[in-house]
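> return a 3D structure for these sequence lines:
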Amino acid sequence: MNASVAIQVLPKVNSDEEVIRIVDEVIAYIKSTGLNYFVGPCETSIEGDYDELMDIVKECQKIAVRAGAKSVSAYVKINYRPEGDVLTIEKKVTKHHE
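Numbers count the residues shown, from 1 in each chain. Modelled structure (predicted):
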């Protein structure tokens, strides 16, 4: 696992309920990838291969639009290590959730 991303998807819609519905669809897609992920209150972190993660980031935008967003903004943080592994979600957050 040479990369991790944190993505916050912000669909342009008229209500908070619609934001939640669309973001839930994006999270369901992320879950369907089979990769390790962690949903936080403001973003979702995903671990895997860099190229696969970049494809997932792109698809998240398309899913939000297909779900009804007029447009979508996304904030993405990328941790990429071409040689070796990045720190895992487990190593970063487990001690804070015990």
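
> check the burial of the closest residue to residue 83 other than its chain neighbours by counting its neighbours.
The shortest distance from residue 83 to any non-neighbouring residue, by Cβ to Cβ, 6 or more residues apart in numbering, is to residue 2 (7.9 Å). Where you see a C-beta, it was placed from the backbone N, CA and C, and this is true even at glycine. Counted with other Cβ atoms under 10 Å, the neighbours of residue 2 add up to 17.

> you'd agree residue 2 is up against residue 47?
No: counting by Cβ atoms under 8 Å, residue 2 does not reach residue 47; the two are 9.5 Å apart.

> lowest-confidence helix or strand of the protein?
None of the helices or strands of the chain scores lower by mean pLDDT, DSSP states H and E than helix 89-93, at a mean of 90.

> and that one, what other elements does it pack with?
Packing partners of helix 89-93 (3 or more Cβ pairs under 8 Å, 6 or more residues apart in numbering; DSSP states H and E): strand 37-39.

> adjacent strands (with direction) for the strand it packs on?
Applying DSSP bridges to the sheet, strand 37-39 is found paired with strand 44-48 (antiparallel).

> and the next helix or strand past the partner strand?
On the C-terminal side of strand 44-48, the closest following helix or strand by DSSP states H and E is helix 50-66.

> what stretches of the protein score poorly on pLDDT?
Scanning the chain for pLDDT under 70 picks out nothing.

> for the residue nearest to residue 83, what are its contacts?
Residues near residue 2 by Cβ atoms under 8 Å, 6 or more residues apart in numbering: 49, 50, 80, 81, 82, 83, 84, 85, 86.

> one step back: quick check: neighbours shared by residue 2 and residue 47?
Common contacts of residue 2 and residue 47, defined by Cβ under 8 Å, 6+ apart, comprise residue 86.

> still on that earlier bit, how far does the least confident helix or strand of the chain sit from the chain's center?
Remark: helix 89-93 is offset 16 Å from the chain centroid, using Cα atoms, centre = their mean, to the nearest Å.

> next, the buried residues of it.
By 16 or more other Cβ atoms under 10 Å, the buried positions in helix 89-93 come out as residue 89.

> and stretch 19-29, by the same measure?
Going by neighbour count (16+ other Cβ under 10 Å), the buried part of stretch 19-29 is 19, 22, 23, 25, 26, 27, 29.
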